[in-house]
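J.: Return atomic coordinates for the entry below.
(one chain, ligands or ions: 1)
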Amino acid sequence: MHLAQLHLHFFKNYERSDLEFVAGINCFVGPNGSGKTNLLDAIHYLCLTKSGFGFTDSQSIAHQSQFFTLQAEVEGNTAFSLLKCIQEQGKRKLFYQDGRLLERLGEHVGALPVVLIAPDDADMVKGPEENRRKFFDNTLCQLDPVYLKRLSRYQHLLKQRNALLKTMQAKGRFQADFLAPYDSQLIPEAIWIAEQRQQFLMDFEPLLQAQYQAITAGQEHLQLQYESQARDPEQFEKMFREAAYQDYLAKRSTVGVHKDNFHLYLDGHPIRKFGSQGQVKSAAIALKLAQFLALKARVGFPPILLLDDIFDKLDDKRIQFLLRLVAQNEFGQLFLTDARPERSKKMLASLQTSIRVFPVEKGRVLAAEDIGQVPPSE
Ligand SMILES: Nc1ncnc2c1ncn2[C@@H]1O[C@H](COP(=O)(O)OP(=O)(O)OP(=O)(O)O)[C@@H](O)[C@H]1O
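T.: Sure thing, here's the model as predicted:
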């Protein structure tokens, strides 16, 4: 499976752009701020229906416009060959597969799996718990549509419960019976989500460890530990109900799977606290590569891989590791950005795959150049 074409209209700094990709490596090169990452984000939108860099939909509409349109042609083993995403300012985002408007955006999640390796990935390892929760939820949602559905339901109920707690506080009156209908729906969802996370991690941890050991030449042992209040269903239900008054005082739900933690340890010590910069970077790439392998195993073909600015932000050792994987044909279609064209051309030129370089200049993509040793059609 690969993206054969991409068409952008009023997406960020692109007024209109039409690109034809190769099935191997597509490299966007150009000065800082020219729009290279925006192209990766357009691809991310078409894979997961949203930005991979935390931009809102309205931020992604070009300043001079009231809408953006993204379109892609997909070749290979997917159930569709044409994708379209339209976002009009202040309106519902529309997403089409082969001209069919999807009722829910979630229907598309997982159909075109994608992994993004970006400069701020270290925040996933070093940053707050929420970052790791987001990473694991993103992976599980791409793997399983039911997980996405039930997680969305949990988040929706939680929002409603929190709004109710705020209203109660504003009125100065705690009423446990008002919370009960939410609690009886939230508790089973939380228990189910915790179970799924737990099960998933049993397969994911060995993948993660193998990737980390390969990157670091096997010197240290990376471990992942899952901590959830909902792992013991009976205990959790009691805890959740008992927290009601505390929740009222806090004006938010203080117990639940939105509080789960995913701890990373290096030789038994929390990497967040003790990891060196290099160890943190290696763990971040290992997480993304393990995500890639988990998705590939589930769908049976390699996900699209987006590499943002890796030549600048990673050191040679980690770049060489990634390029070795490319050379071993571990990946499918790959998109990467680099501010220095000569460097990426030199790094990529020897690889046995089709390679196309797209020069980018202030929201315009100039004539592409094929530099691979394999013709673009293969
Ligand atoms: N909604 C928008 N409308 C118009 N321009 C936008 C919009 N959002 C972002 N931009 C512009 O896009 C440019 C940033 O693009 P992008 O992040 O893709 O750059 P880049 O080439 O990856 O740069 P770097 O090499 O620094 O990472 C900036 O000039 C920014 O002003």
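J.: use CA for all of it now, contacts and neighbours both
T.: Will do.
J.: Residue 328: neighbour count?
T.: 11 (other CA atoms under 10 Å).
J.: and what of the one 3 residues further on?
T.: Under the neighbour criterion other CA under 10 Å, residue 331 is assigned a count of 20.
J.: Nearest spatial neighbour of it, chain-adjacent residues omitted?
T.: residue 302 (6.0 Å; CA to CA, 6 or more residues apart in numbering).
J.: Give me the neighbour count for residue 46.
T.: Neighbour tally, residue 46, other CA under 10 Å: 23.
J.: immediately after the helix or strand where it lies, which helix or strand?
T.: Taking DSSP states H and E as the definition, one finds residue 46 inside helix 36-48. Remark: after helix 36-48, the chain's next helix or strand is strand 67-75, criterion DSSP H and E.
J.: and that following strand with the ligand, contact?
T.: No - interface with the ligand: strand 67-75 contributes nothing (CA under 6 Å from any ligand atom), its closest point being 9.5 Å away.
J.: Also stretch 332-341?
T.: Yes - counting by CA under 6 Å from any ligand atom, the ligand is contacted by stretch 332-341 at residue 339.
J.: which outside residues touch that stretch?
T.: 1-3, 22-32, 36-37, 40, 301-312, 344 (CA atoms under 8 Å, 6 or more residues apart in numbering).
J.: and the stretch 51-200 of the chain, which of its residues are near the ligand?
T.: So far as CA under 6 Å from any ligand atom goes, the stretch 51-200 of the chain lies against the ligand at 59, 60, 61, 62, 63.
J.: meant to ask about the stretch 201-350 of the chain, not that
T.: With CA under 6 Å from any ligand atom as the criterion, the stretch 201-350 of the chain meets the ligand at residues residue 339.
J.: Show me where the stretch 201-350 of the chain has its helices.
T.: Secondary structure of the stretch 201-350 of the chain (DSSP state H, counting those that start in this stretch): helices at 233-242, 244-250, 271-274, 277-299, 310-313, 316-327, 341-348.
J.: what is the mean pLDDT for the helix holding residue 46?
T.: Mean pLDDT, computed over helix 36-48, is 98.
J.: Output that helix as CSV - backbone C-alpha positions only.
T.: C-alpha atoms of helix 36-48 as CSV (Å, rounded to 0.1, in the frame of the first residue of the first chain):
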residue,chain,number,x,y,z
LYS,A,36,8.0,20.7,4.6
THR,A,37,6.4,19.6,7.9
ASN,A,38,3.0,20.8,6.6
LEU,A,39,3.2,18.2,3.9
LEU,A,40,3.8,15.5,6.4
ASP,A,41,0.9,16.8,8.4
ALA,A,42,-1.4,16.7,5.3
ILE,A,43,-0.5,13.0,5.0
HIS,A,44,-1.2,12.5,8.7
TYR,A,45,-4.6,14.1,8.3
LEU,A,46,-5.5,11.7,5.5
CYS,A,47,-4.3,8.7,7.6
LEU,A,48,-5.8,9.6,11.0
